[in-house]
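> everything below, folded, please.
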Amino acid sequence: MKPGNARIAGRFDLHFQEEVVKKYFVVLFALLIAGTLFAAAQDFAGTWTSSSQAYPHTIVLRVNSNTLTGTADGLAISRGYVDNTSIQFVVVRNGATLNYKGAISNGQLSLKEAQPEAHRERTLVLTRSGN
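Numbers count the residues shown, from 1 in each chain. Next comes the predicted model:
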């Protein structure tokens, strides 16, 4: 190999190494962001209870990616969805459809419960069991 070619090959190797390092940083950054989003969604998982004397609620939530499953007062949750800062799901109780939408604020889960057929709406405030 001629001396001039060795310098070109050395520059190519250095450039190639820089590109590999850049790609590792991009992958690491993407994993960090994905982990942060996953952790935020996981904040909803667990057992939540209300302290209402009239009608106490127990809601058990499981999160898998952006899918929400579980039970609300023993009834199956359907069409559950998590978008990192809020949740929504549906429960059918005695033939009536109840739509829930909510978010966590100050360690409490605030859910708006709507029953479209009856034009009723109320807000439930729940705390994570053990808090």
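> got any ranges where this protein has weak pLDDT?
Applying pLDDT under 70 to the chain flags residues 1-17, 20-21, 24-42, 53, 130-131.
> for the nearest residue to G46 once chain neighbours are set aside, give its distance to N106.
Using Cβ to Cβ, 6 or more residues apart in numbering and skipping residues adjacent in sequence, the residue nearest G46 is R128, 5.2 Å away. Quick note: C-beta positions are derived from backbone N, CA and C, even for glycine. To N106, R128 is 12 Å away according to Cβ to Cβ, to the nearest Å.
> between those two, who's got more neighbours?
A direct count of neighbours by other Cβ atoms under 10 Å for R128 and N106 places R128 higher, at 17 against 5.
> list the contacts of the residue nearest to G46.
Counting by Cβ atoms under 8 Å, 6 or more residues apart in numbering, R128 makes contact with 46-48, 107, 109.
> between the residues you listed, which has the most around it?
W48 (25 neighbours).
> so what's that residue up against?
For W48, counting by Cβ under 8 Å, 6+ apart, the contacting residues are 57-61, 109, 126-129.
> and those, which is closest to E18?
Lowest distance from E18 to the contacts of W48 (Cβ to Cβ) belongs to L61, with 45.4 Å.
> so is that closest one in a helix, a strand, or just coil?
Assigned by DSSP: H, G, I helix; E, B strand; the rest coil, the conformation of L61 is strand.
> check K22 too.
Secondary structure of K22, per three-state DSSP, is helix.
> report how many residues lie close to the residue nearest to V60 when sequence neighbours are not counted.
Of all residues not flanking V60 in the chain, G70 sits nearest, at 4.5 Å (Cβ to Cβ, 6+ apart). Counted with other Cβ under 10 Å, residues neighbouring G70 total 20.
> OK, contacts around G70?
Residues in contact with G70 (Cβ under 8 Å, 6+ apart) are 59-62, 77, 80.
> element containing it?
strand 67-72 (DSSP states H and E).
> contacts for the next helix or strand after that strand next, please.
Scanning forward in sequence from strand 67-72 by DSSP H and E, the next helix or strand is strand 75-76. Here strand 75-76 makes contact (Cβ under 8 Å, 6+ apart) with 91-93.
> if anything else comes up later, I'll come back, but that's it for now.
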